[in-house]
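[1] the sequence and its predicted three-dimensional model are supplied below.
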There are 2 protein chains.
Amino acid sequence: MTTLEAAGHEVRVSDLYAMNWKAVVDAADFGEHATDPLRVIPSSGGAYQAGALTPDVTAEQEKLLWADTIVFQFPMWWYTMPAILKGWVDRVFSFRFAYGVGVHDETRYGERFGEGTLHGRRAILSVTVGGPESHYTDRGINGPIEDLLFPIHHGILWYPGVEVLPPFVVYGTDSITGDAFERATKMWRERLLALETTEPIAFRRQNFGDYEIPSLRLKPGLELPGRTGFGLHVRG
Amino acid sequence: MTTLEAAGHEVRVSDLYAMNWKAVVDAADFGEHATDPLRVIPSSGGAYQAGALTPDVTAEQEKLLWADTIVFQFPMWWYTMPAILKGWVDRVFSFRFAYGVGVHDETRYGERFGEGTLHGRRAILSVTVGGPESHYTDRGINGPIEDLLFPIHHGILWYPGVEVLPPFVVYGTDSITGDAFERATKMWRERLLALETTEPIAFRRQNFGDYEIPSLRLKPGLELPGRTGFGLHVRG
């Protein structure tokens, strides 16, 4: 934050613990728009379109629309984000705001994966990981870090249109020394100052010819040789 | 539950919404064992070893030790579990219970990935997914369902020793019809009655020769031809 402000940027911080962020989606999120029994999609969309989501959620949506760049800072817990941050996604990424946007026809399947409400913004994950880097490499027992982060990068951020920068990951934080901490801090400052010029991950856009619609399977032959799984959805 | 009890099984249910489950890890979870500032690993391990974790967490740990089979039922939200269930994992899977178990030496890197406190149990995920199945296939835009579930199957369940059965996934639940619902219900009953005889996913065990220690990289040549990423960690 200091680094960014010193470089002339405006910064707004959402410290979820300090905000005592409510992590769990329930009927109270949707007021009179909550269906009974609760069906989250129509309740969420109804409340959003009526401007009736709770003030904490509305404030976060406004911050997202205000920002040109979003930094997510979290520790990896059980190979993904802690519950409090997942609950921020579950509540802030409401129907008609983050999903259920745009028309579905023969050439477009909604505005998502490269289009959507948050198009024009970029994001970066800054993640601290307890274990050593080798455990997160191509042959590492936890799986490659880029695959572990894919559901966040592609499924949460690229989905509503956010361009995603390569993540900043600090390994071995359970036992980090003063020297390693200083090195990590210095590298993070450099990444922050390069946010505007860093090349995003080249995720494929959904509605621009790479996928069959509506099956949304990648068309044959587009992949790089030997690339499978999540890696198919990154251009060459 | 009815199906399992009719077949002679004892069942205990944890309905997290009905229990008003606290999703967020904080200092209150660890009482006098909480460090200040809060460091989750030592606080969690200290409280666990002193028998001083909160009663809600202790009750869930006891249920896990009591069970021979654990069924997780949840909707896929943003490509993983809802925050309330992630918060169950974050709080119940405490240090010295689910991780930080066993010695680390030249031949063993703790008891995990096939060994650990929950060894001898099996689990199955029952997941409802809004979108159609094609989006979750090998070439589907969301990525293959087995890769999306890998961080849960392998990273959360196999890690403390639980054998994981192939998941039960119902697609298209946003618009499911009566007929499709009946078919899904029938298939789920069949899966429940076959829990004891279903072959688990053949994840590799950490400490039995497949991995270099301590790098925990899969030894060269063990993979099936063409298999990469998460798939490396499943035997042929």
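    Received the coordinates, thanks. Residues are numbered from 1 along each chain as shown, chains lettered A, B, ... in the order given.
[2] look up how far chain B lies from the residue most central in space within chain A.
    With distances taken as C-alpha atoms, centre = their mean, the residue of chain A nearest its centroid is A:Leu157 (3.4 Å). Note on A:Leu157: its distance to chain B, by C-beta to the nearest C-beta, to the nearest Å, is 10 Å. Any C-beta I mention is one placed from the backbone N, CA and C, and that applies to glycine too.
[3] surely that residue meets A:Pro167?
    No: under the criterion of C-beta atoms under 8 Å, A:Leu157 is not in contact with A:Pro167, lying 10.9 Å apart.
[4] so which residues of chain A form helices?
    For chain A, helices defined by DSSP state H occupy the ranges A:2-6, A:40-49, A:55-66, A:83-92, A:145-152, A:178-193.
[5] and the ones you listed as CSV, adding mean pLDDT?
    Listed next are these as CSV, based on pLDDT from 0 to 100:
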stretch, mean pLDDT
helix A:2-6, 94
helix A:40-49, 98
helix A:55-66, 98
helix A:83-92, 98
helix A:145-152, 98
helix A:178-193, 96
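[6] make a markdown table from those helices and add mean neighbour count and distance to B:Leu64 to it.
    Below are the helices of chain A laid out as a markdown table (neighbours: other C-beta atoms under 10 Å in any protein chain shown; distance: least, C-beta to C-beta, whole Å):
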| stretch | mean neighbour count | distance to B:Leu64 |
| --- | --- | --- |
| helix A:2-6 | 12 | 44 |
| helix A:40-49 | 20 | 28 |
| helix A:55-66 | 15 | 33 |
| helix A:83-92 | 24 | 18 |
| helix A:145-152 | 23 | 24 |
| helix A:178-193 | 13 | 36 |
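[7] just for chain A, where's the confidence low?
    With pLDDT under 70 as the threshold, chain A has low-confidence stretches at A:1.
[8] where do the strands of it begin and end?
    For chain A, the strands defined by DSSP state E cover A:69-75, A:122-128, A:163-164, A:168-170.
[9] for chain B, find the nearest of those.
    strand A:69-75 (8.2 Å; C-beta to the nearest C-beta).
[10] going by neighbour count, list what's buried in that closest one.
    For strand A:69-75, a neighbour-count test (16 or more other C-beta atoms under 10 Å in any protein chain shown) marks A:69-72, A:74 as buried.
[11] those residues into TSV, with extra columns for distance to chain B?
    TSV is the format used below for those (distance: C-beta to the nearest C-beta, whole Å):
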residue	distance to chain B
A:Thr69	21
A:Ile70	15
A:Val71	19
A:Phe72	13
A:Phe74	12
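[12] reformat these as TSV; add distance to A:Arg39.
    Converted to TSV, those look like this (distance: C-beta to C-beta, whole Å):
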residue	distance to A:Arg39
A:Thr69	34
A:Ile70	29
A:Val71	33
A:Phe72	29
A:Phe74	29
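[13] most widely separated two among those residues?
    A:Thr69 and A:Phe74 (16.6 Å; C-beta to C-beta).
[14] which one of the buried residues of strand A:69-75 sits closest to A:Val13?
    The shortest approach to A:Val13 among the buried residues of strand A:69-75 belongs to A:Val71, at 9.4 Å (C-beta to C-beta).
[15] for A:Arg191, see how far away the closest one is.
    Distance, A:Val71 to A:Arg191, using C-beta to C-beta, to the nearest Å: 10 Å.
[16] so what sits against both of the two?
    Shared contacts of A:Val71 and A:Arg191, defined by C-beta atoms under 8 Å, 6 or more residues apart in numbering or on different chains, are found at A:124, A:126.
[17] that older thread, now tabulate the strands of chain A in TSV and tack on distance to B:Thr177.
    Shown next, in TSV, are these (distance: least, C-beta to C-beta, whole Å):
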stretch	distance to B:Thr177
strand A:69-75	38
strand A:122-128	38
strand A:163-164	36
strand A:168-170	44
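[18] quick one: which of those is nearest B:Val11?
    strand A:69-75 (34.7 Å).
[19] parallel or antiparallel, which strands does that closest one pair with?
    Sheet neighbours of strand A:69-75, with direction, are listed as strand A:122-128 (parallel) (DSSP bridges).
[20] tell me who's in contact with the residue lying closest to A:Val127 once chain neighbours are set aside.
    Once flanking residues are discounted, A:Val127 sits nearest to A:Val169: 5.0 Å by C-beta to C-beta, 6 or more residues apart in numbering or on different chains. Contact analysis of A:Val169 by C-beta under 8 Å, 6+ apart lists A:127-129, A:136, A:145.
[21] could I have the buried ones of those as PyMOL selection syntax?
    Listed next is the PyMOL selection for buried residues among the contacts of A:Val169, using 16+ other C-beta under 10 Å:
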select buried, chain A and resi 127+128+129+136+145
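[22] residues contacting A:Trp188?
    Taking C-beta under 8 Å, 6+ apart, we find A:Trp188 in contact with A:126, A:168, A:170.
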